[in-house]
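J.: Quick check, what structure comes out for this input:
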Amino acid sequence: MNLHTQPALVHERLYLRSPQTIGAARHFTRDTLEAWGRTSRQDDLLLCVSELATNALRYGVPRGRGYLLRLLTYDGTVRIEVHDSGPGLSRIREQPPGRGLLLVGALADAWGVLARAPGKVVWCEFRGLGC
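T.: Numbers count the residues shown, from 1 in each chain. All right, here's what the predicted structure looks like:
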């Protein structure tokens, strides 16, 4: 991610461990994309938010915790990050991705996983969205 050309705009929201948050995360993302004027490929972005949030709930968010959805835009790129505090980084790296991550990989221009303490960040990017 090169943030030197254009400063990044960042919106984020913390969600508790609950399946109802998937819809809320999609609405938050839709509202943010519209505010930023980044509505091309919106359906793909929303589907990726659903998949990453669902994976966080299923595999990465221990009881009593939540996940952070962070949206960034810079230089015509939208980056989605889902931060969780659970284990699983080695599982993502050592095993083939599940169906949800295969879908994210097919829709997004790039995706990956980063370690954090505790947990991990699963991210994807959509490039060339313009203003």
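
J.: C-alpha only now, for contacts and for neighbours.
T.: Fine.

J.: Any idea which helix or strand in the chain has the lowest mean pLDDT?
T.: Among the helices and strands of the chain, helix 89-94 carries the lowest confidence by mean pLDDT, DSSP states H and E, at a mean of 54.

J.: Who are the packing partners of the helix or strand that that one is followed by?
T.: Following helix 89-94 in sequence order, the next helix or strand is helix 99-107 (DSSP states H and E). Counting contacts by 3 or more CA pairs under 8 Å, 6 or more residues apart in numbering; DSSP states H and E, helix 99-107 packs against helix 42-55.

J.: what packs against the helix it packs on?
T.: Using 3+ CA pairs under 8 Å, 6+ apart, helix 42-55 is in contact with helix 21-36, strand 77-84, helix 99-107, strand 120-126.

J.: Buried residues, the very next helix or strand once past it. List them.
T.: Downstream of helix 42-55, the first helix or strand assigned by DSSP H and E is strand 66-74. Across strand 66-74, burial judged by 16 or more other CA atoms under 10 Å covers 66-74.

J.: Also stretch 20-34?
T.: In stretch 20-34, counting by 16+ other CA under 10 Å, buried: 21-22, 25-26, 28-30, 32-33.

J.: Any idea how many residues pack against Glu125?
T.: 23 (other CA atoms under 10 Å).

J.: and it, what are its bridge partners?
T.: Arg79, Ala110 (DSSP bridges).

J.: tell me the contacts of it?
T.: Contacts for Glu125 (CA atoms under 8 Å, 6 or more residues apart in numbering) come out as 77-80, 108-111.

J.: Please apply the same query to Thr39.
T.: Taking CA under 8 Å, 6+ apart, one finds Leu33 in contact with Thr39.

J.: okay, it: pLDDT?
T.: Listed pLDDT for Thr39 reads 90.

J.: gap between Leu101 and Ala110?
T.: According to CA to CA, to the nearest Å, Leu101 stands 11 Å off from Ala110.
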